[in-house]
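K.L.:
structure for this input, please:
(one chain, ligands or ions: 1)
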Amino acid sequence: MSDTPVIAVEGLSKVYDGGFQALKEVDLAIRRGEIFALLGPNGAGKTTLISVICGLVNASAGHVSVDGYDNVRHFREARSRIGLVPQELTSEAFSTVWDTVSFSRGLFGKPRDPVHIEKVLKSLSLWDKRRNRLITLSGGMKRRVLIAKALAHEPEILFLDEPTAGVDVELRRDMWEVVRGLRDNGVTIILTTHYIEEAEEMADRIGVIRAGELVLVEEKHELMRKLGRKELTLHLREPLTTVPERLAHHDLRLADDGHALVYTYDGRHNGDDDQAGIADLLADLEEAGIHFKDLHTRQSSLEEIFVSLVREKA
Ligand SMILES: Nc1ncnc2c1ncn2[C@@H]1O[C@H](COP(=O)(O)OP(=O)(O)OP(=O)(O)O)[C@@H](O)[C@H]1O
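P.N.:
This is a model prediction of the structure:
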């Protein structure tokens, strides 16, 4: 993986006609070969950001370079490196899979290359359906056709706008496999999603956009480690009505009508600190004569982290 970002966004702002500012001085560097998930509430500016990077919407200020090419001055070079997967198939209902995908390649001025189209269709398990008209395909296959179209001109970078919006769980997992496969073949992937689970499952890095500002860009694991909270739940033999005074210095609360004690600790202090905290707690419990019959731990999900982040910045 080279160090030069495959996409460099600098000081990008967008004010739409009418004066609405949808992006505010966004800086972002996408690494070659990564899966980057852009998260944000409705109207945060995700689609605007993608559209500006892809050259579909003009920026009001700032620059974007794609593989070293300025996306305005060298639009063709920049755009040819990008595949864009929209949410839905428009028109073309009566074309065949093969024709639709081949046509997309032509739009980028690339010479016909049946071998490449065959490779793309096979990689997306669409080969058997190549003679089918789009109207005869299932929802999942149509989504695959969208990806095939975006890959027809051999882009290095693939943007997926809400790749699994409104699809069932099985198809979602299936799409995740497809996207991972593309990444394994060296394609850089940028996806927007409302499903935090999707980012948690797939992304190497996560960017959170809120009201046009990129409020955070972080390695997924780092984000979960830094902001994640951990919980230890002790299921008690005898229920308690209050947390005993001698345990008050631990961060404890009662749950399950006094049948459980929940100890919350910070994901930040992984390691010795926590070990000491839990060991102290257990010793104090023993001394207080509180016995438990079972315990379990959990770590906060990206969803919880995200909700607290968006709330924090509000
Ligand atoms: N052509 C336009 N003219 C004026 N305002 C626009 C235009 N397109 C988008 N906006 C506004 O810019 C803001 C960002 O929109 P954008 O579509 O980028 O958000 P998003 O994060 O993709 O949202 P969603 O998750 O709902 O798709 C919104 O307030 C939207 O109303």
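
K.L.:
how about residue 238, secondary structure?
P.N.:
Following DSSP: H, G, I helix; E, B strand; the rest coil, we place residue 238 in the coil state.

K.L.:
I figured it hits residue 291, correct?
P.N.:
Yes. In this structure, residue 238 is within contact of residue 291 by CB atoms under 8 Å, at 7.4 Å. In short, each C-beta sits where N, CA and C put it, glycine included.

K.L.:
contacts for stretch 288-304, please.
P.N.:
196-197, 199-200, 206, 220, 223-224, 227-238, 240, 244, 246-247, 261, 267, 285 (CB atoms under 8 Å, 6 or more residues apart in numbering).

K.L.:
and that stretch, how far out from the chain's middle?
P.N.:
28 Å (CA atoms, centre = their mean, to the nearest Å).

K.L.:
just stretch 80-99 next, same as before
P.N.:
22 Å.

K.L.:
what about that stretch, how long is it end to end?
P.N.:
The first residue of stretch 80-99 is 20 Å away from its last residue (CA to CA, to the nearest Å).

K.L.:
ramachandran angles for the residue nearest to residue 135 when sequence neighbours are not counted?
P.N.:
Closest residue in space to residue 135, ignoring its immediate chain neighbours: residue 93 at 4.3 Å, by CB to CB, 6 or more residues apart in numbering. Backbone geometry at residue 93, expressed as degrees, to the nearest 10, gives phi -50, psi -30.

K.L.:
now do the contacts for residue 93.
P.N.:
By CB under 8 Å, 6+ apart, residue 93 lies in contact with 133, 134, 135.

K.L.:
mind checking which of the contacts of stretch 288-304 are buried?
P.N.:
Buried members of the contacts of stretch 288-304, counted by 16 or more other CB atoms under 10 Å: 196, 199-200, 206, 220, 223-224, 227-234, 236, 240, 247, 261, 267, 285.

K.L.:
can you flag which of those residues belong to strands?
P.N.:
Counted as lying in strands by DSSP state E, out of these, are 206, 229, 230, 231, 232, 233, 234, 236, 261.

K.L.:
for residue 109, state which of the residues you listed is nearest.
P.N.:
Nearest to residue 109 among those is residue 206, at 34.8 Å by CB to CB.

K.L.:
pretty sure that closest one is touching residue 224, no?
P.N.:
No. Applying CB under 8 Å as the test, residue 206 and residue 224 come out as separate, 9.4 Å apart.

K.L.:
which of the contacts of residue 93 are buried, as a ChimeraX select command?
P.N.:
Buried residues among the contacts of residue 93 (16+ other CB under 10 Å), as a ChimeraX selection:
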select :134
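
K.L.:
which residue, other than its chain neighbours, is closest to residue 95?
P.N.:
Using CB to CB, 6+ apart, the closest residue to residue 95 is residue 134 (6.1 Å).

K.L.:
look up how far residue 125 lies from that neighbour.
P.N.:
As for residue 134, its distance to residue 125 is 16 Å (criterion: CB to CB, to the nearest Å).

K.L.:
cool, and residue 108?
P.N.:
Note on residue 108: its distance to residue 125, by CB to CB, is 24 Å.

K.L.:
higher neighbour count, those two?
P.N.:
Higher neighbour count among residue 108 and residue 125: residue 108, with 16 against 13, using other CB atoms under 10 Å.

K.L.:
report the contact partners of the nearest residue to that one once chain neighbours are set aside.
P.N.:
Closest residue in space to residue 108, ignoring its immediate chain neighbours: residue 153 at 3.9 Å, by CB to CB, 6+ apart. Contacts here follow CB under 8 Å, 6+ apart; on that basis residue 153 touches 80, 83, 104, 105, 107, 108, 110.
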